[in-house]
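Undergrad: Test case, fold it:
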Amino acid sequence: MNRIQNAFDNKKAFIGFITAGDPSLDKTEEFILEMEKAGAALVEIGIPFSDPIAEGPVIQEANLRALSAGCTTDKIFDMVAKLRKKTQIPLAFMAYANSLYKYGYDRFCKRCAEVGIDGLIIPDMPFEEKGELQEFTGKYDLKLISLIAPTSQERIQMIAKEAEGFIYVVSSLGVTGVRDTITTDVGQIVDMIRQVTDVPTAVGFGINKPEQVHQYTQIADGAIVGSAIVRIVAQYGEQAGPKIYEYVSEMVGGLAE
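TA: Numbers count the residues shown, from 1 in each chain. From the prediction side, this is the model:
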């Protein structure tokens, strides 16, 4: 059974994001465990890539730090295998299509299943092209998580009808990053999604305060925070663990009932 559904069982979910290998893979493992201890229901692990087009400066810089430190996809798989001996928290990779294509879709998905990854988020893979990867995610019981953006409009329900795991609702135009205000009518997007599916929805891009977590989990089933956590890693480096725990605890405290 895929673990992702456990993240949303009878509760609102806080989802944290971390870039693998920043500042090291041992620390990535520690930071994920700190997030779980603080109440995160699911963790997204970013596979560093040289040209992460959906990311703002904070996560771009984390990608460069991780790659410079020698992080590779195989080393990330080894880290997850080690992590899985300590936790059953749902885990999803956020990766770019080129990384998977180069590794080989079948080989990549098989390895995900072996180490205990539950889902994949591929921001630069269009809906129309997901079939080439879904053949393999289905084979290994991985959920291919769909993103729905404010610009999706007439495509919202088309994407939602085929969604699995959870739906990543992109709150804002542009790239990832901390935002003080989010002007998108997220409620309208979630309403349209719920007309065609009961797959859970989680809102991401820009969320960084407990009040935003509260606001969006009144509308959706979960809230995703990435850049604010990665910024803590950039600031505190190897000593970031307790700060991540403190921050995620605060964010989890904002979840709507």
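Undergrad: Near the residue lying closest to G46 once chain neighbours are set aside, how many other residues are there?
TA: Leaving aside its sequence neighbours, G46 sits nearest to T19 (C-beta to C-beta, 6 or more residues apart in numbering; 4.3 Å). For every residue, glycine as well, the C-beta is placed using N, CA and C. Counted with other C-beta atoms under 10 Å, the neighbours of T19 add up to 33.
Undergrad: got the contact list for T19?
TA: By C-beta atoms under 8 Å, 6 or more residues apart in numbering, the contact set of T19 is 28, 46, 48, 59, 62-63, 65-66, 230, 233.
Undergrad: and what of T201?
TA: When contacts are counted by C-beta under 8 Å, 6+ apart, T201 touches 166-167, 169, 190, 193-194, 220-222.
Undergrad: Out of the residues you listed, who's the most crowded?
TA: Counting neighbours by other C-beta under 10 Å, the top entry in the contacts of T201 is V169, with 30 neighbours.
Undergrad: distance between the host helix or strand of that residue and the chain's centre?
TA: If you go by DSSP states H and E, V169 is part of strand 167-170. From the chain centre to the centre of strand 167-170 is a distance of 10 Å (C-alpha atoms, centre = their mean, to the nearest Å).
Undergrad: Counting by contacts, list what it packs against.
TA: strand 143-148, helix 186-194, strand 201-204 (3 or more C-beta pairs under 8 Å, 6 or more residues apart in numbering; DSSP states H and E).
Undergrad: and among these, the most buried is which?
TA: Highest mean neighbour count among the helices and strands packed on strand 167-170 (mean count of other C-beta atoms under 10 Å): strand 201-204, with a mean of 26.
Undergrad: Quick one: mean pLDDT over that strand.
TA: When pLDDT is averaged over strand 201-204, the result is 96.
Undergrad: Just checking: what are the partner strands of that strand?
TA: In the sheet containing strand 201-204, the strands it pairs with under DSSP bridges are strand 167-170 (parallel), strand 222-225 (parallel).
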